[in-house]
Every structure is written in C-alpha cells, then in structure tokens.
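Engineer: I'll drop the sequence and a predicted model, then ask my questions.
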Amino acid sequence: MSFRLDQGRDFLSVANYLRRYLRQEQGLDTAAPLQRSIDGLGAITAEQYDQLATLRLEDPGKVIGVFDLDFDGQEVSIVDAAGGWRTWSMQDVSTAVCHAYQKSCLRPEQYMVRSLDELDGKEIASAGHLSARDISFAEELSEIGPLLNFYMEVCFDVDAVFGTHVCTGENDDTLNVYANYDMVSGQVCDELEVDLHWADGREEAVAYRLNAVEKATLLRKMDAYCQQQTGQTLKEHSAQCLAEDMTLPTQPTM
C-alpha cells in the first residue's frame, strides 16, 4: 500500500522509525506496526504515488521525500532528486543511523550527512528501483520504426532486478537489455526489452515494466547519451529521424 504524510518526513526520520521498530520487533517483517506508529498517514493510489515520486525528481522542494519499504525483501529505497532510486538493505540503514547518532549535539542535517556517509558504497540493485548508477548505454543508437533503441550495459546485479540466474558460474546464460524511446510521443517506452539467452541455445523474453521514477531516470540518461553520440538532444535527433523517414519513398520506383 502507498501512503502520504502532509507533515513531511525526510530520509533520516524514516530511518529512525525503522531502526526503532527493527529493534523492538526483533526481525520486523510487516509494515503494520510501523504504519500504526506514524500519525497522519493517509492512503493514496499507486497513480498518486507515481505522481509524487516524479515531482520529487522534477521539483524536490515540493516533495520532501518518497520512500519504498520492502519488508519481504528487507530493503529501503528512496527517490533521490539527482540519481533516481537508491536502495539499501534495512539492516544497513539501521546500522548507519545508529553510527550517525554516536556523536551528539549535531544539527539534523549533519546526522543526515553522517548516515548517508555510512551508507556510501552499500547500495544494492533492486527490482523496480533501477537507479542512475545502474543505467549506462553502449553501441550506436538504432531506429526500429518510430522507436530509438538503446543497448543497456548490464553493470548491475541482473538476477536481483530481473529474477534470473545469470550471475553465477553454474551456467553460461547471458542477458541482453534494451530500452526504447518513442520518438512520436517523446516518452520512454513502458517496458525494457530483456532477452535471456540460455546456454543450450534457447531464448526467452523476461518481462520488466518500468515505473515512473525509472522512466524519468532513463529519459535523463538517454538524452545525455544521445547528445554524446549525435551532438543533438533526444528531441532534436528524434525530430530529424522522423523527418527523414517521411521523405523516404514508400514504394519502389520504376
């Protein structure tokens, strides 16, 4: 379920709540106790959550924080205005806050900095939380009809994200991952193309639907890569490609 707090809570506040309940419940695996402890929670729809998460990226001054607490996976994800999703294990977040408060009489923003410093280098890959650090492209852009196709480098834990079993020495399976940009609508397509190539020659498409934050992060990365490759923004390059397509003959000439 998704909730909204009119009284804003930043990452430090949520991390402190989480630490207290992890200690009290000794292996907390449900959000219910945490929900009961926070006054002013109001349920919102998934669409409203996506809108707030996107606004957090676009105008962080209007939304103090957006969080995803996964008690099944024991993960904490936040929306960072610069990097999109950032994810850590709940235990690492709890430990970081504990260490941050070992020094007293600091301002809240200093405790925040100390907590994030403790978490430096401990980010993990997580399904539904592709971050800017997970996203990089290689090779030339290719056109597939009205789509621009971006080949993604798999420099993250693909098994954690896609539920596969590739990051192992037990097999020679491989993954190819592509992200598409619709040049007509000017939007990132809703799903990644994830092609699993089994060692025995079989191929399988793995479904992965992008959420609003992932799409916004991909759009930023696509635009930067397009400028690097073509010298044009994504919109400029798309307009040129579409214009060239319109001038091509639709039937062979005699």
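Structural biologist: Ah, there it is.
Engineer: ramachandran coordinates for residue 43?
Structural biologist: phi -70, psi 140 (degrees, to the nearest 10).
Engineer: so it sits against residue 3, correct?
Structural biologist: Yes. Contact criterion C-beta atoms under 8 Å: residue 43 and residue 3 qualify, at 5.9 Å. Where you see a C-beta, it was placed from the backbone N, CA and C, and this is true even at glycine.
Engineer: low-confidence regions, the chain specifically.
Structural biologist: Along the chain, segments meeting pLDDT under 70 span 1, 6-8, 25-40, 248-254.
Engineer: repeat that with 50
Structural biologist: 253-254 (pLDDT under 50).
Engineer: run the chain-centre distance for whichever helix in it runs longest.
Structural biologist: The single longest helix within the chain, with elements called by DSSP state H, is helix 212-230. Centroid separation between helix 212-230 and its chain, computed with C-alpha atoms, centre = their mean, to the nearest Å, is 13 Å.
Engineer: now the helix or strand following it: buried residues?
Structural biologist: Note on helix 212-230: by DSSP states H and E, the next helix or strand toward the C-terminus is helix 234-247. For helix 234-247, burial by neighbour count (16 or more other C-beta atoms under 10 Å) applies to 234, 237, 238, 241.
Engineer: got it, and stretch 178-193?
Structural biologist: Neighbour count says stretch 178-193 has 178, 179, 180, 181, 183, 188, 189, 192, 193 buried, by 16+ other C-beta under 10 Å.
Engineer: ok now the helix or strand where residue 94 lies, how far from the chain's centre?
Structural biologist: Using DSSP H and E, residue 94 sits in helix 90-100. Relative to the centre of its chain, helix 90-100 is centred 22 Å away, using C-alpha atoms, centre = their mean.
Engineer: only the buried residues of the following helix or strand past that helix, if you could.
Structural biologist: Counting by DSSP H and E, the next helix or strand C-terminal to helix 90-100 is helix 108-118. By 16+ other C-beta under 10 Å, the buried positions in helix 108-118 come out as 111, 112, 114, 115, 116, 118.
Engineer: gap between stretch 95-107 and the chain center?
Structural biologist: 28 Å.
Engineer: show me where this structure has its helices.
Structural biologist: 11-25, 32-37, 46-58, 90-100, 108-118, 158-162, 212-230, 234-247.
Engineer: please identify which of those is closest to residue 147.
Structural biologist: Closest to residue 147 of the helices of the chain, according to C-beta to C-beta: helix 234-247, at 9.9 Å.
Engineer: give me the phi and psi angles of the closest residue to residue 199 other than its chain neighbours.
Structural biologist: The spatially closest residue to residue 199, leaving aside those adjacent along the chain, is residue 172, at 3.9 Å (C-beta to C-beta, 6 or more residues apart in numbering). With angles defined as degrees, to the nearest 10, residue 172 sits at phi -110, psi 30.
Engineer: just use 47 as the starting number from now, easier for me
Structural biologist: Let's use 47 as the start, then, which means that last one is residue 218.
Engineer: burial count for residue 218?
Structural biologist: For residue 218, the count of nearby residues is 11 (other C-beta atoms under 10 Å).
Engineer: now it: how far from residue 155?
Structural biologist: 49 Å (C-beta to C-beta, to the nearest Å).
Engineer: and of the buried residues of helix 280-293, the nearest to residue 62?
Structural biologist: Closest to residue 62, out of all of the buried residues of helix 280-293 and judged by C-beta to C-beta, is residue 280, at 40.2 Å.
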